[in-house]
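> Fold the stuff below for me.
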Amino acid sequence: MLKNPSPNRLPILLLTFALSTLAFILAVVFLRFPFPLYPLLSTQDVVGLLPPLVFIPLYWLIFRHCATDTRVGQEIAFMLLAALWVEGQAVHLAANSINNLIESLARNQILDLKPTDVYQLAYFFDEHLGHYLMHVGMLGLAALLIYREGRRPMGPVTLRWAIVLAGVLYGIVYFCLFIEGGTVALGLPFGLAVVAFAAMSGRTALAQRPVLAFFGLACLVAVVLFAGWGLAWGGLPQFSEVRLL
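Residues are numbered from 1 along each chain as shown. Model prediction:
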């Protein structure tokens, strides 16, 4: 059991988490240039090694501070979901790096492996298996945090502006992540479910449950963006399919 937790700690953790996703999920897109020490890698690939070292500790700190007790079952669930998230990130990172190299060789007319099974297998690990493992783990952790907080919430917190800012920022990241990851089939239903659950919980509950307020607002922002994107393009294509990346 946590003793005398600071009422400001959880909002700051949520804001730190949201800012970290902004840096390691969105900003990393602009690092697609060769890594000086090993040019076959991009700088994006190297920075991609850091997210598990940043996000899993943040998830754990939020897990520890969002409720007043700890149960073994919840801890085991956390470890399994975190392992799934890391496994998906690792699969995606390696396969994406290989895919980028294959596409670069073909673009520069050096060697075209795109028609081969080598490319198809790397593409499957990158765009399908890696993304789905990582995103199932990510959504599972979000669901676990919401569930855990609801069992024994800490009570009212301060710094509500931090929760609102974190929710808006993470909502934008959430939308971008599931659109470009091609996993809207996971992200959109989960987002709708969280929005509905937050709405049914009511204002009083949200004031005492910052994690639910954070994910509820983030999912609301993401759902609005999904709707706008769908109306603009007549569907939900990836950014790369409409040449935005």
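> Regarding the protein, what is its longest helix?
In the chain, assigned by DSSP state H, the helix with the most residues is helix 72-107.
> Just read off the phi/psi values of Arg71.
The phi/psi pair for Arg71 (degrees, to the nearest 10) reads phi -110, psi 150.
> Following element in sequence after the longest helix of the chain, please.
Under the assignment DSSP states H and E, the closest C-terminal helix or strand after helix 72-107 is helix 117-123.
> Just after that following helix, pick out the following helix or strand.
Counting by DSSP H and E, the next helix or strand C-terminal to helix 117-123 is helix 131-151.
> Point out where this structure drops to low pLDDT.
In the predicted model of the chain, residues 1-7, 155, 243-245 satisfy pLDDT under 70.
> now with 90?
Scanning the chain with the threshold set as pLDDT under 90 gives 1-9, 28-29, 32-33, 39-41, 65-71, 100-101, 103-115, 150-160, 202-208, 240-245.
> hmm, back to that, counting contacts, what elements does the longest helix of the chain pack onto?
On a contact count with 3 or more C-beta pairs under 8 Å, 6 or more residues apart in numbering; DSSP states H and E, helix 72-107 meets strand 38-42, helix 43-47, helix 51-65, helix 117-123, helix 131-151. The C-beta positions use only the backbone N, C-alpha and C, and glycine is treated the same way.
> Report the inter-axis angle for it versus strand 38-42.
For helix 72-107 against strand 38-42, the angle by axes from the mean of the first three to the mean of the last three C-alpha atoms, to 10 degrees is 120 degrees.
> Which residues in helix 72-107 does the neighbour count mark as buried?
Within helix 72-107, the residues scored as buried using 16 or more other C-beta atoms under 10 Å are 74, 77-78, 81-82, 84-102.
> Quickly note the distance from the closest residue to Val118 other than its chain neighbours to Leu40.
Nearest in space to Val118, with sequence neighbours left out and distances taken as C-beta to C-beta, 6 or more residues apart in numbering, is Ile102 at 7.5 Å. Using C-beta to C-beta, to the nearest Å, one gets 12 Å for the distance from Ile102 to Leu40.
> Pull the contacting residues for the residue nearest to His131 when sequence neighbours are not counted.
Nearest residue to His131, sequence neighbours excluded (C-beta to C-beta, 6+ apart): Gly181, at 4.4 Å. Contact analysis of Gly181 by C-beta atoms under 8 Å, 6 or more residues apart in numbering lists His131, His135, Gly187, Gln238.
> any idea how far Leu236 is from Gly181?
11 Å.
> again, but for Glu127
Per C-beta to C-beta, Glu127 is found 15 Å from Leu236.
> before we move on, what about Leu15?
28 Å.
> Tell me which of the two has more neighbours.
Taking neighbours as other C-beta atoms under 10 Å, Leu15 and Leu236 compare with Leu15 leading, 21 against 17.
> For Ala83, see how far away the more buried one is.
26 Å.
> same deal with Arg209?
As for Arg209, its distance to Ala83 is 27 Å (criterion: C-beta to C-beta).
> And Ser240, by the same measure?
Between Ser240 and Ala83 the distance, using C-beta to C-beta, works out to 29 Å.
> ok, now Phe17?
Applying C-beta to C-beta, the value for Phe17 to Ala83 is 19 Å.
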